[in-house]
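1. Sequence and predicted structure below; questions after.
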Amino acid sequence: MPADPESSTPACTLTAADHAARIAWLTALNATALSGYDRDDNRLRLRYRMAAAAGAREWVRFEQRCCPFLRFTTEEDGGEFVVIIDVPAELGDAAEALLAPYAEGQQR
C-alpha cells in the first residue's frame, strides 16, 4: 500500500507488487486457518487455528517491518492463536482504512 501524497494516513512501505503479494499471502492464510475475527474501534483480533500459528507468526514479523505505525501482538486463547492489531489513537480516523485489508472478505 504505497503512500498516497494526498493522504495523511501512514502507508505500508512495500512496493505495489510486494503489497499485492503480501495481501495474497494473507488471503490464503485467512482462507485456510482463520476461524474468526472481532473488531472494536481501533483494534482487530484475528483468531487462527493453532496449527497455523507458525505461519501467522511469520506474517506478523513481516507486517511489523512494513507497517511500523501499527501495533501487532499475539496470544494463545482457548486453543486459538490470536493476532491483535491496534491502530494508535492519533491515527484513529484512519482505523477503518488501515484495518480493512486484514479481514477483508472474511466472516466474523
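-> Thanks, I have it. Computed from a predicted model, the values in this text were never measured in an experiment.
2. make it CA atoms for all contacts and neighbour counts henceforth
-> OK.
3. ranges for the helices of this protein?
-> For the chain, the helices defined by DSSP state H cover 16-33, 53-66, 95-103.
4. Can you list the low-confidence ranges for this protein?
-> 1-9, 104-108 (pLDDT under 70).
5. mind running it again at 80?
-> The chain contains residues with pLDDT under 80 at 1-12, 92, 103-108.
6. hmm, back to that, export the helices of the chain as a markdown table, with columns for mean neighbour count and distance to Ala89.
-> As requested, the helices of the chain are arranged in a markdown table below (neighbours: other Cα atoms under 10 Å; distance: least, Cα to Cα, whole Å):
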| stretch | mean neighbour count | distance to Ala89 |
| --- | --- | --- |
| helix 16-33 | 15 | 25 |
| helix 53-66 | 15 | 18 |
| helix 95-103 | 16 | 9 |
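7. Quick check: which of the ones you listed is nearest to Val83?
-> helix 53-66 (7.7 Å; Cα to Cα).
8. Can you check what angle separates that closest one from helix 16-33?
-> Angle of helix 53-66 versus helix 16-33, following axes from the mean of the first three to the mean of the last three Cα atoms, to 10 degrees, is 150 degrees.
9. other SSEs contacting helix 53-66?
-> helix 16-33, strand 71-77, strand 80-86 (3 or more Cα pairs under 8 Å, 6 or more residues apart in numbering; DSSP states H and E).
10. Show me how far the first one is from its chain's centre.
-> Meaning helix 16-33. In terms of Cα atoms, centre = their mean, to the nearest Å, the centre of helix 16-33 is set 10 Å apart from its chain centre.
11. What of stretch 94-106?
-> The chain centroid and the centroid of stretch 94-106 are separated by 8 Å, computed with Cα atoms, centre = their mean.
12. Same question for stretch 47-56.
-> Centroid separation between stretch 47-56 and its chain, computed with Cα atoms, centre = their mean, is 14 Å.
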